[in-house]
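Participant: need coordinates for the following:
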Amino acid sequence: MKEVILISMMTTLLSPVFAHAKTAMLEGIFTSLPDAGFEKNILVRPLVEGNGKAEIDGEGYLAGSMSAEDKLLLESYFFWEEGSLSKADCLSFPAQQTTQIEEIAASNGDDAAQIASSYVTASAYLDKKNAEALFPLPKYKTRQVLCISSEGKHFPQTSASIFFYNAQVGVIPMLKQ
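Facilitator: Here you go, the predicted structure:
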């Protein structure tokens with residue numbers, strides 16, 4: 001009985017350490033490969049409870065960890081084999097900069113500061129507005145993604161184990177600095 005309690009206590013105490021280790025791969029500076037065709041520079045700040053901030057080419061964005069369901073949706077959007085992203089750590093960013101999200105919310109009479117306070121609230125708000133549009137866009141036309149293979153394997157259609165995606169430029173192989 002004491003062993004079960006001790007293991008339970010250790011698991012509880014160490015779970016934040018393991019969670020931080022998983023997201024630590026997604027922190028730092030990422031740059032596109034020299035032959036990628038597009039230059040991208042991304043600075044990802046530490047995440048807190050799956051929410052964070054990033055700079056993409058010097059502009060501020062909200063960032064959030066992608067769920068397993070979102071990874072499956074992205075795989076199907078790319079026509080990649082199911083499971084291609086299962087061993088990857090991925091972040092998602094709204095296509096709009098944080099300041100643009102605040103402007104959209106304010107122009108609709110909504111609480112801009114509250115909506116732009118986290119990736120979760122901003123994404124839910126933007127998804128709702130997209131769903132109300134006359135011609136709603138697929139989710140990954142309104143998102144940007146950064147993924148890192150936790151096994152170091154190259155992703156389909158890339159020459160790297162890290163990639164960035166957005167609707168304007170597609171999939172770009174990246175390096176972590």
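Participant: in which helix or strand does the spatially closest residue to residue 86 that is not a sequence neighbour reside?
Facilitator: Spatially, and ignoring its direct neighbours in sequence, residue 86 is nearest to residue 71 (6.8 Å; Cβ to Cβ, 6 or more residues apart in numbering). Where you see a C-beta, it was placed from the backbone N, CA and C, and this is true even at glycine. For residue 71, the element it lies in under DSSP states H and E is helix 68-78.
Participant: what is the distance between stretch 106-117 and the centre of its chain?
Facilitator: From the chain centre to the centre of stretch 106-117 is a distance of 21 Å (Cα atoms, centre = their mean, to the nearest Å).
Participant: can you list the weak-confidence ranges in the chain?
Facilitator: 1-24 (pLDDT under 70).
Participant: can you map out the strands along it?
Facilitator: Secondary structure of the chain (DSSP state E): strands at 28-32, 41-44, 51-56, 59-65, 88-94, 143-149, 162-166, 170-176.
Participant: pull out the buried residues from the last one.
Facilitator: What that stands for is strand 170-176. Residues of strand 170-176 classed as buried by neighbour count (16 or more other Cβ atoms under 10 Å): 171, 172, 173, 174, 176.
Participant: what residues are up against the fourth one?
Facilitator: Yep, that's residue 174 we're talking about. By Cβ atoms under 8 Å, 6 or more residues apart in numbering, residue 174 lies in contact with 30, 31, 32, 33, 36, 40, 42, 146, 160, 162, 163, 164.
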